[in-house]
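Colleague: generate a structure from the sequence data that follows.
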Amino acid sequence: MFTKLKEYCSRIVPLTDNELQLIDDHFESIQLAKKDFLLTDGKICNFIAFISEGAIRHFHVKNGVEKTCDISFVNSWVTDFQSFMYGTPCIMNLQALEDTTVFVVKKEKLAALYEKCGKYETFGRLMAEQVAQRATAIAMSLSSDKPEERYLKLIQDHPDIFQRIQQKYIANFLGISPESLSRIRSRIASKRKS
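Modeller: Numbering: from 1, shown residues only. Got it, this is the predicted structure:
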């Protein structure tokens, strides 16, 4: 059942078949329909989730306006680390942008997994580093790259994103209006034709 997760884990940390089998006892599979929430602000996040299929938008609401912080795809981990670590209410919403399958490990099950197999502690550290690196890369890009550069990087990493995700969410993630995104796309398309 957790084939993608087991393959992913094996690439990060060498695990025996018995060690991989522990995933079956500690993770659960959750199916989300498009627009379903995995997490809503104000709740305490007691899990970490691995995206097996689909995409999840990370956003918060400020002055009644949704602000997209990230869009995560297959083989990504999602959580609200501050809420997860400290048991505080989260400010983040995690919403499926298409039909999505996630493999979830609850906090107490993760602790039990670490206790049963020390290699998963190493894996957990590497997973947390991956999430932190992603957050840093997004912050750096927003502070130093022009919108067109952010757009080009996004379509390089996810060439099918416009077939999968609504343009308003992509624009919000890039820190621009949908109209600006349309202008950037038109400008790039014109450059490629000439």
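Colleague: domain assignment for the chain?
Modeller: The chain breaks down by automatic domain parsing into domains covering 3-144, 145-194.
Colleague: in this structure, what spans have low per-residue confidence?
Modeller: In the prediction, the chain carries residues with pLDDT under 70 at positions 194.
Colleague: how about the strands in it?
Modeller: Taking DSSP state E as the criterion, the chain contains strands spanning 27-32, 37-39, 47-53, 56-62, 65-72, 77-78, 93-96, 100-106.
Colleague: okay if I get those as a markdown table plus mean neighbour count and distance to Leu154?
Modeller: The C-beta positions use only the backbone N, C-alpha and C, and glycine is treated the same way. Rendered in a markdown table, the data for the strands of the chain read as follows (neighbours: other C-beta atoms under 10 Å; distance: least, C-beta to C-beta, whole Å):
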| stretch | mean neighbour count | distance to Leu154 |
| --- | --- | --- |
| strand 27-32 | 17 | 22 |
| strand 37-39 | 18 | 22 |
| strand 47-53 | 21 | 17 |
| strand 56-62 | 18 | 14 |
| strand 65-72 | 16 | 9 |
| strand 77-78 | 21 | 18 |
| strand 93-96 | 22 | 19 |
| strand 100-106 | 21 | 19 |
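Colleague: of all the ones you listed, which one is nearest Ala189?
Modeller: Of all the strands of the chain, it is strand 65-72 that lies closest to Ala189, at 22.1 Å by C-beta to C-beta.
Colleague: which helices and strands sit right next to the closest one?
Modeller: Under the contact definition 3 or more C-beta pairs under 8 Å, 6 or more residues apart in numbering; DSSP states H and E, strand 65-72 sits against strand 56-62, helix 119-144, helix 167-174.
Colleague: swap the cut-off to 6 Å and go again
Modeller: Packing contacts for strand 65-72, counted by 3 or more C-beta pairs under 6 Å, 6 or more residues apart in numbering; DSSP states H and E, involve strand 56-62, helix 167-174.
Colleague: I'd like to know how far the spatially closest residue to Ile56 that is not a sequence neighbour sits from Val61.
Modeller: By the measure of C-beta to C-beta, 6 or more residues apart in numbering, the closest residue to Ile56 outside its immediate chain neighbours is Ser72, 4.9 Å from it. Computed with C-beta to C-beta, to the nearest Å, the distance linking Ser72 and Val61 is 19 Å.
Colleague: same question for Leu154.
Modeller: Using C-beta to C-beta, one obtains 23 Å as the distance from Leu154 to Val61.
Colleague: possible to save the strands of the chain as TSV with distance to Glu179?
Modeller: What follows is those, written out as TSV (distance: least, C-beta to C-beta, whole Å):
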stretch	distance to Glu179
strand 27-32	30
strand 37-39	28
strand 47-53	30
strand 56-62	20
strand 65-72	16
strand 77-78	29
strand 93-96	23
strand 100-106	28
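Colleague: to Ile165, which of those strands lies closest?
Modeller: Each of the strands of the chain was checked against Ile165 via C-beta to C-beta, and the shortest separation belongs to strand 65-72, namely 6.5 Å.
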